[in-house]
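> Kindly return the folded structure for what I paste below:
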Amino acid sequence: QVQLVESGGGLVQAGGSLRLSCAASGGTFSNYAMGWFRQGPGKERDFVACISWSGGFTDYTDFVKARFTISRDNAKNTVYLQMNGLKPEDTAVYYCAARSGPPSQRARDYGYWGQGTQVTVSS
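As a prediction, the model looks like this:
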């Protein structure tokens, strides 16, 4: 079983930056593809980014391309989401997720989830 704990959320002004971290425990981290998803108020949980076990493959939703960067450090059992150029529309609870398979944009493909971290972007 993999446990995931997100951190790094907070309140930031539009145009600012945040780096989210997701620390994994209880499993062999390098066996898992990782994803970041977000859920805004009254909205469904949407895909943000994903990364393969090696870090050699990444994928992003169009809305965050060129602004967000997903990365991982398998030695630290941690995946990151660097968010630059934040917009009020990025306000959401951000979740990291793990799956023992190739990276996916579909939330239902992930078996392990963190509790989420709130990101609020003020205009």
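> which sections of the chain are below the confidence cut-off?
Across the chain, not a single residue meets the criterion (pLDDT under 70).
> Closest to the centroid, which residue in it?
With distances taken as C-alpha atoms, centre = their mean, W36 lies nearest the centre of the chain, 2.5 Å away.
> Just list the residues touching that one, thanks.
20, 22, 48-50, 70, 79, 81, 94-97 (C-beta atoms under 8 Å, 6 or more residues apart in numbering). For every residue, glycine as well, the C-beta is placed using N, CA and C.
> can we see that at 7 Å?
Applying C-beta atoms under 7 Å, 6 or more residues apart in numbering to W36 gives the contacts 48-49, 70, 81, 94, 96.
> now G10, which residues is it bridged with?
On the basis of DSSP bridges, G10 is bridged to V119.
> Which strand or helix spans the residue nearest to the centre of the chain?
Per DSSP states H and E, W36 falls inside strand 33-39.
> Contacts for the helix or strand following that strand, please.
Helices and strands here follow DSSP H and E; after strand 33-39, the next one along the chain is strand 45-51. Contacts to strand 45-51, defined as C-beta under 7 Å, 6+ apart, come from residues 33-39, 57-61, 64, 68, 70, 72, 79, 81, 95, 103-105, 107.
> Of those residues, keep whichever come out buried.
33-38, 59-61, 64, 68, 70, 72, 79, 81, 95, 103-104, 107 (16 or more other C-beta atoms under 10 Å).
> buried sites along stretch 1-17?
Buried residues in stretch 1-17 (16+ other C-beta under 10 Å): 2, 4, 6, 8-9, 12.
> same check, this time on stretch 14-32
Of the residues in stretch 14-32, those buried (16+ other C-beta under 10 Å) are 18, 20-24, 27, 29, 32.
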